Each structure stands twice: as structure tokens, then as C-alpha cells.
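Asker: structure of the sequence below:
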Amino acid sequence: MAYAEKVFKVRNGKQTKQYTWRCRYKKPDGTWGSEPGFPTKALAKEWGEQQEAAIREGRWIDPELSRKKFGAFVVEWMKAQKPRGRTEMNRWERLETHILPRWKDTPLIAINWFEVEAWARTLTCARSTVKDSVQLMSRILNGAVDARHLLVNPLAGRRLTGLPADTAKRKSDEETVAQPEVVLELGRRLGPVYGLHVVTVAWTGLRWEELVGLHRRNTLLERRQRHDGGVFTCPIIRVDAEEGALAEYYKRDEDGRRRCYRALEPPKNEKSARDVDLPPFLAQLLEKHLADWPYEFVFTTKTGKWWWRSYWYEVLRPAADGRDERKPGRGRPASPAWKPIMPGLTVRDLRHTHDSWQEEIGVAPVLGYEQMGHKYPGIKGTYRHPTPPMRLARLEGLQGLYERAMRNLGWESIWGADPPNIS
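Answerer: Alright, predicted model coming up:
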């Protein structure tokens with residue numbers, strides 16, 4: 001039974017005649033909880049009776065837990081999550097850059113939609129980042145509800161309005177999708193080793209982490225399917241279900257310090273573990289590459305080391321964007337000037353390019369989704385399956401794009417006679 005008791009104020013080490021009332025009430029575990037600061041005995045007792053009623057009805061939330069600081073609960077929530085490593089890194093970046101500077105010391109119970117929406121409107125990052133940050137806060141507060149720190153999530157179901165216009169420049173279709181001739185020109189500029197990276201992504205749609213995590217044992221395998229009274233075969237690249245992607249992200253040690261981490265991990269999702277069919281020209285290029293390549297992984301630096309994303313872009317950017325002539329320096333040869341081929345091109349753009357090419361050559365949607373590592377939407381994803389004629393038509397279309405581009409360029413060999421200087 002809840003009751004109230006006086007709490008006398010102390011000044012200069014001596015008890016005064018001034019006092020407030022403290023409520024005492026029975027908690028679910030049988031111990032006594034307390035809440036000070038009430039001006040009257042009646043209010044203190046009424047509050048305690050409300051707590052005991054909530055306990056009997058199974059909807060009680062410990063006031064101490066609801067007053068926990070948001071930053072402290074974030075640490076608990078993040079430890080309880082098990083997302084992919086890069087997802088965890090992205091969450092921490094959102095938290096440390098945008099969310100925690102404002103909300104770290106705010107009690108969970110004090111967070112409300114009015115203040116969150118007003119704060120979101122002050123952020124100067126991209127609209128997508130603002131929305132991601134608010135959605136992440138809502139996920140964390142859902143965790144607070146599940147952990148019985150809050151009765152309800154004040155952000156649940158709310159929609160951001162009044163955000164400033166997004167000033168970030170979006171790429172046009174022409175800036176995102178490369179023509180086959182452009183890909184081949186870029187490949188020749190980079191040479192047989194690095195240029196094969198670009199050509200392979202454009203003609204297979206592999207993600208960057210799938211490309212650089214590709215092992216020899218998963219390259220130039222063979223697909224075999226019954227077809228037309230015989231067997232349809234084609235060379236494939238296999239994105240392994242257990243270690244088909246080279247992950248690169250920050251992990252945190254027990255002290256919260258960031259440590260760079262790289263390792264082979266499962267690909268992005270279940271559908272990403274797949275066999276990608278190779279057009280004949282690309283199978284021949286890979287076969288020749290592997291015959292001369294002394295390393296286990298197919299797409300690495302020239303010394304056989306795994307790529308860092310930042311280092312790869314140091315190679316790709318001047319090749320795509322162009323560069324000025326460079327004089328010889330200490331331990332560095334001269335480099336000729338390069339005109340731009342497709343400024344701003346990224347590996348992700350090459351993946352966009354591949355899927356756009358699939359649409360262009362009329363690839364059956366169920367096969368196109370499979371080859372990109374996407375889930376085919378709806379019930380048709382259950383009932384439709386790629387067939388050998390679909391695969392054959394796709395390979396003929398991709399081979400046709402390559403042969404047409406070679407004719408348009410007037411080339412007989414993709415790599416040319418002289419290796420480029422990309423140092």
C-alpha cells in the first residue's frame with residue numbers, strides 16, 4: 001500500500017522546518033520504490049497509488065529507467081543489435097555526427113516529437129541523412145519500449161514535414177549509365193589488370209565488395225541445365241554464400257574506440273549469394289587473366305593485396321575524370337595528360353549501368369533480378385524461374401553490346417599495345 005512521508009530540507013548541515021513529501025510504493029519485485037519532491041501528502045500518495053495500479057495491470061514503467069539518458073541507452077541498444085558490420089558503422093556515424101550532440105544527455109521520457117522535428121529541420125546534411133537519423137532515433141526508442149524504459153515511443157508513426165529543399169546535386173541518367181564504348185575506353189586506359197575490374201562490373205553487375213572478394217575457386221565455374229534435349233552450359237562467377245564479399249568498416253573495441261576491419265563475410269542478403277553468367281568475351285578475358293595471375297583473389301592490387309576503397313578511387317578518379325600531365329619526380333615516372341572519359345563515374349554507377357543494359361537488351365525480369373542479387377517482388381518471385389533460353393538471350397545481348405562497341409571504336413583488342421601508367 002502506497003504511503004507518503006515527510007522529507008525535511010537541510011541547510012548548512014542542519015535540518016530546517018521546511019519539507020516536501022516523498023512517496024513510497026511497492027515495486028513488482030517486492031522492494032520499496034520512492035519518488036521525492038511532492039508539495040503535498042495527498043499528491044504523493046495519489047502518485048504512489050497510480051504506480052501500484054499500473055503494476056497490477058502490467059503496464060508499469062520504472063521511473064528511474066524512463067529518466068535514463070538517451071546517450072546511455074544508445075550504448076545498451078547498440079550492444080544488443082547484430083547488424084552487418086557496415087550497417088553498424090553507418091549507425092554510429094549517424095549517432096556521433098548528428099544525433100548524440102543534441103540528445104545525448106536528454107532523459108528518454110523527455111524526448112517528444114515536437115522537439116525532434118524542430119531539431120531535424122535545423123540539420124544541414126542531405127534530406128536522406130536527416131530522415132535516416134530520425135528513423136534511427138525511432139528504432140532506438142522502440143528498443144526503449146521493448147526494454148520497458150518507456151510506455152510508448154513518441155516518434156512512432158510520425159512523418160517529417162517542412163524539411164528544407166535538398167541542395168545535393170543528383171546525377172542525370174547520362175551521368176550514371178555508361179555506354180559500352182565508354183566502359184571499354186576506361187578499361188583500356190587502366191590496362192589489363194585494373195581495367196578488367198571496370199569491365200567485369202559493367203558486364204556482370206557485381207557489387208564492389210563481391211568483386212574484390214572473388215576467389216579463384218569461384219571463378220569460371222560452369223552452369224549446367226537441361227535444355228532442348230541436351231545440356232545448356234555457360235561459365236559463371238559464384239558469389240559465395242559464406243564469404244562472398246570483402247567487408248571493410250570500422251569496429252569498436254570495449255572502450256568504444258574505432259578499429260578498421262576487413263574480412264570476408266556473407267554477401268548483403270540471401271539473394272546476393274548467386275551464380276552470375278558470363279558472356280563469352282568476358283570469360284575469355286578472365287581465363288587469360290587467371291593464367292598469368294599468381295594470386296588467390298582475382299581482383300586485387302598488382303601486388304595481390306586486398307583493395308582499400310580509398311586506394312581504388314585514387315586509381316579510378318583520374319582515369320574517369322582526366323588528369324594533367326605530370327613531370328617525372330623522385331621514384332615516379334612521367335605521366336601523360338588524360339582527357340576526361342566520364343567524370344564522376346563510380347563502381348555503383350557501373351552496377352546501375354549493367355542493370356540498365358539488361359533492360360535495354362530485353363532480359364527477362366526474373367533473370368535480371370537474379371543476376372543483380374535482388375529479390376523478385378511479389379508472388380511472381382515464387383512462381384517464376386530463369387530458364388536456359390532466358391539465360392542464352394541475356395548472354396547473346398551482352399556479347400552483342402561488347403562486339404558493337406568494339407566495332408564502333410575500331411578496335412581489335414580491348415587492351416591495346418602499350419600498358420598505361422597509372423602510378
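Asker: let me see the contact set for E181.
Answerer: By Cβ atoms under 8 Å, 6 or more residues apart in numbering, the contact list for E181 reads 405, 408-409. C-beta: built from backbone N, CA, C; applies to glycine.
Asker: read off the pLDDT value for it.
Answerer: We have a pLDDT of 97 for E181.
Asker: so where is the stretch 201-350 of the chain shaky, pLDDT-wise?
Answerer: 256 (pLDDT under 70).
Asker: in this protein, what residue spans correspond to strands?
Answerer: For the chain, the strands defined by DSSP state E occupy 3-11, 14-26, 32-38, 219-227, 230-238, 245-252, 258-265, 275-277.
Asker: buried sites along the fourth one?
Answerer: Of all the residues in strand 219-227, those buried under the rule 16 or more other Cβ atoms under 10 Å are 219-220, 223.
Asker: any idea of the angle that strand forms with strand 230-238?
Answerer: Strand 219-227 runs at 150 degrees relative to strand 230-238, counting by axes from the mean of the first three to the mean of the last three Cα atoms, to 10 degrees.
Asker: so what secondary structure elements neighbour strand 219-227?
Answerer: strand 230-238, strand 275-277, helix 280-292, helix 388-409 (3 or more Cβ pairs under 8 Å, 6 or more residues apart in numbering; DSSP states H and E).
Asker: just to revisit the earlier point, among the strands of the chain, which is nearest N112?
Answerer: Proximity to N112 (Cβ to Cβ) singles out strand 32-38 among the strands of the chain, at 21.3 Å.
Asker: in the closest one, what counts as buried?
Answerer: Per 16+ other Cβ under 10 Å, strand 32-38 contains these buried residues: 33, 35, 38.
Asker: again with stretch 344-358
Answerer: Those would be 345, 347, 349-355, 357-358, for stretch 344-358 by 16+ other Cβ under 10 Å.
Asker: what do you get for stretch 249-264?
Answerer: Buried, per 16+ other Cβ under 10 Å, within stretch 249-264: 249-250, 264.
Asker: what about dumping the CA coordinates of it to PDB?
Answerer: Only the C-alpha atoms of stretch 249-264 are listed here, as PDB (Å, rounded to 0.1, in the frame of the first residue of the first chain):
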ATOM      1  CA  TYR A 249      34.300  -1.000 -42.000                       C
ATOM      2  CA  TYR A 250      35.000   0.300 -38.500                       C
ATOM      3  CA  LYS A 251      34.500  -1.900 -35.500                       C
ATOM      4  CA  ARG A 252      34.500  -0.700 -31.900                       C
ATOM      5  CA  ASP A 253      36.500  -2.200 -29.100                       C
ATOM      6  CA  GLU A 254      35.300  -2.500 -25.500                       C
ATOM      7  CA  ASP A 255      36.500   1.100 -24.800                       C
ATOM      8  CA  GLY A 256      34.500   2.400 -27.800                       C
ATOM      9  CA  ARG A 257      37.500   3.200 -29.900                       C
ATOM     10  CA  ARG A 258      37.200   2.600 -33.700                       C
ATOM     11  CA  ARG A 259      39.300  -0.100 -35.300                       C
ATOM     12  CA  CYS A 260      39.400  -0.600 -39.100                       C
ATOM     13  CA  TYR A 261      38.300  -4.100 -40.000                       C
ATOM     14  CA  ARG A 262      38.500  -6.100 -43.200                       C
ATOM     15  CA  ALA A 263      37.400  -9.700 -43.700                       C
ATOM     16  CA  LEU A 264      35.400 -12.000 -46.000                       C
END
